[in-house]
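1. need a 3D model of the sequence below.
(one chain, ligands or ions: 1)
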Amino acid sequence: MPPIADNLQRVRDRIATAALRAGRRPEEITLVAVTKTHPWAYVAAALAASQRDFGENRPEEAHAKFIENPDAADQPLRLHLIGPIQSRKAKIALACRPVLIHSVDRTKIARKLDKLAGEQGVALDALLEVNVSGEASKHGWAPDALRAELPDLLALPRLRFHGLMTIPPYDPDPERARPYFMALRELRDALAADFPQADWSQLSMGMSHDFEVAIEEGATIVRVGTAIFGPRA
Ligand SMILES: *Cc1c(COP(=O)(O)O)cnc(C)c1O
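-> Residues are numbered from 1 along each chain as shown. Reported below is the predicted structural model:
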């Protein structure tokens with residue numbers, strides 16, 4: 001197993017340093033430890049090192065690891081769903097009881113989640129995923145499409161939106177991601193001005209190789225896997 005406690009401490013230090021450099025308070029930033037493909041033992045090691053927020057990108061894997069697994073029962077953790085949710089996986093996504101779904105990426109899935117949540121008498125906290133780069137392989141709304149659909153999205157009674165999420169095109173140089181992070185923050189600011197009835201406080205952006213740049217550009221949630229748990233198989 002990789003030295004998870006040491007890795008976590010190093011990531012926390014880097015988050016704090018990046019926040020202070022940007023004139024922000026380190027406590028404003030939530031670290032989501034991304035455990036996809038890794039076994040429960042990795043989660044347990046992070047829990048022992050006081051990590052509380054965990055992220056998974058596939059609802060089925062999340063459910064197996066965090067809900068069906070008896071070791072996960074009564075653990076003081078919050079599960080975030082960070083990957084695209086197919087319509088037929090919406091039910092299992094809800095059964096994961098996520099503290100936040102980062103990746104609502106189209107109106108169809110928003111409606112489906114809202115309907116299921118209504119049937120179950122629960123509310124869902126979520127972010128809207130935006131494709132700021134326009135890359136065809138990326139999920140999420142184009143900024144203009146999101147703006148056009150927002151009145152309908154904000155009217156869904158069981159979904160409570162708290163801000164935006166993005167994944168920029170991969171580039172080993174984190175500075176290349178900065179314009180996309182900046183664009184997400186500017187879009188958030190513009191939408192907050194035009195739709196003040198909603199909560200726009202959260203920006204989920206930044207992964208292992210670029211979270212410091214994301215924090216400098218306003219991230220409130222960073223999603224970090226490899227830097228904590230090592231490479232995925
Ligand atoms: C896997 C994943 C991450 C973490 O990626 P690392 O490069 O391992 O830090 C972050 N966000 C999403 C949406 C992911 O699927």
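2. going by C-alpha atoms from here, please, whenever you check contacts or count neighbours.
-> Noted.
3. how about residue 62, phi and psi?
-> phi -60, psi -40 (degrees, to the nearest 10).
4. show me what contacts it?
-> 36, 56, 81, 96 (CA atoms under 8 Å, 6 or more residues apart in numbering).
5. mind checking pLDDT for it?
-> With respect to pLDDT, residue 62 scores 98.
6. again, but for residue 134
-> pLDDT at residue 134 comes out at 89.
7. that one contacts residue 142, doesn't it?
-> Yes: applying CA atoms under 8 Å, one finds residue 134 in contact with residue 142, separated by 6.9 Å.
8. among the contacts of residue 62, which one lies nearest to residue 188?
-> residue 81 (20.7 Å; CA to CA).
9. relative to residue 33, how far out is residue 49?
-> Distance, residue 49 to residue 33, by CA to CA, to the nearest Å: 12 Å.
10. more neighbours: the two, which one.
-> residue 33 (26 against 14; other CA atoms under 10 Å).
11. and the more buried one, what does it touch?
-> Per CA under 8 Å, 6+ apart, neighbours of residue 33: 51, 53, 54, 55, 223, 224, 225, 228.
12. the fifth one: neighbouring residues, count only.
-> Meaning residue 223. 22.
13. does the ligand sit close to whatever helix or strand it lives in?
-> Here residue 223 sits within strand 221-224, counting by DSSP states H and E. Yes: Strand 221-224 is in contact with the ligand by CA under 6 Å from any ligand atom, via 223, 224.
14. quick revisit: which among the contacts of residue 62 end up buried?
-> 36, 56, 81, 96 (16 or more other CA atoms under 10 Å).
15. among those residues, which lie within strands?
-> 56, 81 (DSSP state E).
16. would a markdown table of the buried ones among the contacts of residue 62 with distance to residue 109 be doable?
-> A markdown table is the format used below for the buried ones among the contacts of residue 62 (distance: CA to CA, whole Å):
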| residue | distance to residue 109 |
| --- | --- |
| 36 | 22 |
| 56 | 18 |
| 81 | 14 |
| 96 | 16 |
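17. need the buried ones among the contacts of residue 62 in JSON lines (columns: distance to the ligand).
-> Listed next are the buried ones among the contacts of residue 62 as JSON lines, based on distance: CA to the nearest ligand atom, whole Å:
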{"residue": "36", "distance to the ligand": "7"}
{"residue": "56", "distance to the ligand": "7"}
{"residue": "81", "distance to the ligand": "8"}
{"residue": "96", "distance to the ligand": "17"}
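18. want to try CSV for the buried ones among the contacts of residue 62, with pLDDT as columns?
-> Converted to CSV, the buried ones among the contacts of residue 62 look like this (pLDDT from 0 to 100):
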residue, pLDDT
36, 98
56, 98
81, 98
96, 98
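19. from the buried ones among the contacts of residue 62, which is closest to residue 156?
-> Closest to residue 156, out of all of those and judged by CA to CA, is residue 81, at 19.4 Å.
20. against residue 131, how distant is that closest one?
-> Distance from residue 81 to residue 131, by CA to CA: 18 Å.
21. name the element the residue nearest the centre of the chain belongs to?
-> The chain has residue 102 as the residue nearest its centroid, 4.0 Å off, counting by CA atoms, centre = their mean. In this structure, residue 102 sits in strand 100-104 according to DSSP H and E.
22. direction included, what does that strand pair up with?
-> Strand 100-104 pairs in its sheet with strand 78-81 (parallel), strand 124-129 (parallel), by DSSP bridges.
23. buried sites along the last one?
-> Residues of strand 124-129 classed as buried under the neighbour-count rule (16+ other CA under 10 Å) are 124, 126, 127, 128, 129.
24. kind regards, and thank you for your time.
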